[in-house]
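Visitor: From the sequence below, what's the structure:
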Amino acid sequence: MKMKLAIFSVLLVCLAGCQPDSIPVPKNQEPRTELTSPITGTPVPETESRPVMMVMINNHPHARPQSGLYLADVVVEILAEGEISRFAAFYYDHLEGTVGPVRSVRDYYLDLADGSGAVVAHAGGSPSALDRIRNEKSSSIDGVHQDEKHFTRVSFRKSPHNLYADLEVLRQVAADKKFPAYDGKQAYLFSRSAATGQGQTAEKIELIYHKLYKAGYQYDRASKAYIRYTEGERQTDRETETPLAMQNVLVVFAKHQVIDYAGHRDVDITGSGKGYLMQQGKAVPIEWKFRNGWIVPYSNGKEIALLPGKTWVNVLPLTGKVFFQ
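Guide: Numbering: from 1, shown residues only. Prediction:
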């Protein structure tokens, strides 16, 4: 009996010594990892390649409140005709939900899309913009021409303020058309430390695009985000009533020029200029440069990091004004 116990003990020691330090996990059982979004700097679940969608969103008074703007990763606001601005809303982190009303595109918005490689969802466009899309074979989904069937006209608003789209449908259309996925280039530098720590107080921001159009933001300390206002009214999502909130507000000045009788503008967003960056209730002056389709802040020749999260870029004419307190 003692001999059997001794042999059993020796076997146990031998087996223990032969065990590997760790058991490898089969490849098909490896835990999913999180990636950092190149657009927002926030974690996103690892997933298959996907496009950046740039949706042209209407900002006419009859189009408010809009749908899906609160979901956008980056929003660029520029004047269209007259005193009305329009939003180029970029979606990448989350490609689901209703967006609209969808409106027409202009050449300077195509500068953003072409530079970043975004797929443009729009409702027609100016003659020069449509010519450019055709000539350059741009990644375009046009809701009033060849792709009308992929959009929806709603009954609670009048045309042209009643065209809507579903981001999942747009993504599928982009795949069916074999439009390229986003190449993953980092849109901005990101840091969890605000770059505006030594800046001026900017808890309330007022922007004057035109004598007949004003926008603004108010900093909410509880959520550590800016809340968007248009013409003094807090902007919310039509369906969810979620406030439009963002961690970074960029205000930049660019040359605007009316170029035809219809009031179409040429806006120089592919160059550089002056502006301000607002984060966490503070503002600092910046220089902006156009890089790969994105309007990027710099100071003394060095890129300024944004806070991880959403960013709104306001492109004002040189005659525009900004006030903060």
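
Visitor: I'd say Val252 and Thr311 touch.
Guide: No: if you go by C-beta atoms under 8 Å, Val252 and Thr311 don't touch, sitting 12.0 Å apart. Where you see a C-beta, it was placed from the backbone N, CA and C, and this is true even at glycine.

Visitor: confidence score at Ala254?
Guide: pLDDT for Ala254: 97.

Visitor: how many other residues sit next to it?
Guide: 23 (other C-beta atoms under 10 Å).

Visitor: Return the set of residues that bridge with it.
Guide: Beta-bridge pairing for Ala254 (DSSP bridges): Pro317.

Visitor: Got phi/psi on the residue lying closest to Arg291 once chain neighbours are set aside?
Guide: If the residues on either side of it in the chain are set aside, Arg291 comes closest to Gly115, at 7.8 Å by C-beta to C-beta, 6 or more residues apart in numbering. As for Gly115, its main-chain torsions (degrees, to the nearest 10) stand at phi -70, psi -40.

Visitor: Count the residues that sit near Gly115.
Guide: Each residue near Gly115 was counted by other C-beta under 10 Å, and the total is 16.

Visitor: what's the pLDDT at it?
Guide: Looking at Gly115, its pLDDT stands at 90.

Visitor: pretty sure it is touching Trp294, no?
Guide: Yes: using C-beta under 8 Å, Gly115 is in contact with Trp294, at 7.1 Å.

Visitor: least trustworthy helix or strand in the protein by mean pLDDT?
Guide: None of the helices or strands of the chain scores lower by mean pLDDT, DSSP states H and E than helix 2-18, at a mean of 38.

Visitor: residues touching Ala174, list them.
Guide: Pro51, Met53, Val119, Ser139, Ile141 (C-beta atoms under 8 Å, 6 or more residues apart in numbering).

Visitor: cutoff 10 Å now
Guide: Contact analysis of Ala174 by C-beta atoms under 10 Å, 6 or more residues apart in numbering lists 50-53, 95, 118-119, 121, 139-141, 180-181.

Visitor: same question, Tyr92
Guide: With contact taken as C-beta under 10 Å, 6+ apart, Tyr92 is in contact with 37-40, 44, 50-54, 72-74, 116, 118, 182, 187.

Visitor: likewise Ile133?
Guide: For Ile133, the contacting residues are Val105, Asp107, Leu110, Ala113, Asp114, Val120, His122, Gly125, Ser139, Ser140, Asp142, His145, by C-beta under 10 Å, 6+ apart.

Visitor: What subset of those residues is buried?
Guide: For those, a burial check counting by 16 or more other C-beta atoms under 10 Å picks out Val105, Asp107, Leu110, Ala113, Asp114, Val120, His122, Gly125, Ser139, Ser140, Asp142.

Visitor: picking that back up, so which of the contacts of Ala174 is the most crowded?
Guide: Ranked by neighbour count (other C-beta under 10 Å), the contacts of Ala174 have Ala121 at the top, with 31 neighbours.

Visitor: Let me know the helix or strand that that one is in.
Guide: strand 119-122 (DSSP states H and E).

Visitor: Doesn't Leu112 lie inside a helix?
Guide: Yes: the assignment for Leu112 is a helix, going by DSSP: H, G, I helix; E, B strand; the rest coil.

Visitor: Quick one: neighbours of it, just the number.
Guide: Count around Leu112 with other C-beta under 10 Å applied: 24.

Visitor: can you check Val55 too?
Guide: With neighbours defined by other C-beta under 10 Å, the count for Val55 comes to 27.

Visitor: For it, give the beta-bridge partners.
Guide: With DSSP bridges as the rule, Val55 is bridged to Ala89, Ala121.

Visitor: Distance across stretch 48-58, terminal residue to terminal residue?
Guide: Criterion C-alpha to C-alpha, to the nearest Å; first-to-last residue distance in stretch 48-58 is 30 Å.

Visitor: average pLDDT across it?
Guide: pLDDT averaged over stretch 48-58 gives 92.

Visitor: Check the offset of it from the chain's centre.
Guide: Centre-to-centre, stretch 48-58 and its host chain are 8 Å apart (C-alpha atoms, centre = their mean, to the nearest Å).

Visitor: thinking again about what came up before, got the contacts of Ile133 as a markdown table, with distance to Lys158 columns?
Guide: Conversion of these to a markdown table gives the following (distance: C-beta to C-beta, whole Å):
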| residue | distance to Lys158 |
| --- | --- |
| Val105 | 21 |
| Asp107 | 27 |
| Leu110 | 27 |
| Ala113 | 28 |
| Asp114 | 32 |
| Val120 | 24 |
| His122 | 19 |
| Gly125 | 21 |
| Ser139 | 30 |
| Ser140 | 25 |
| Asp142 | 21 |
| His145 | 20 |
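
Visitor: Among the residues you listed, which one lies nearest to Leu306?
Guide: Nearest to Leu306 among the contacts of Ile133 is Ala113, at 20.5 Å by C-beta to C-beta.

Visitor: what sits against the closest one?
Guide: Contacts of Ala113 (C-beta under 10 Å, 6+ apart): 52-54, 56, 88, 90, 105, 119-122, 133, 138-140, 293.
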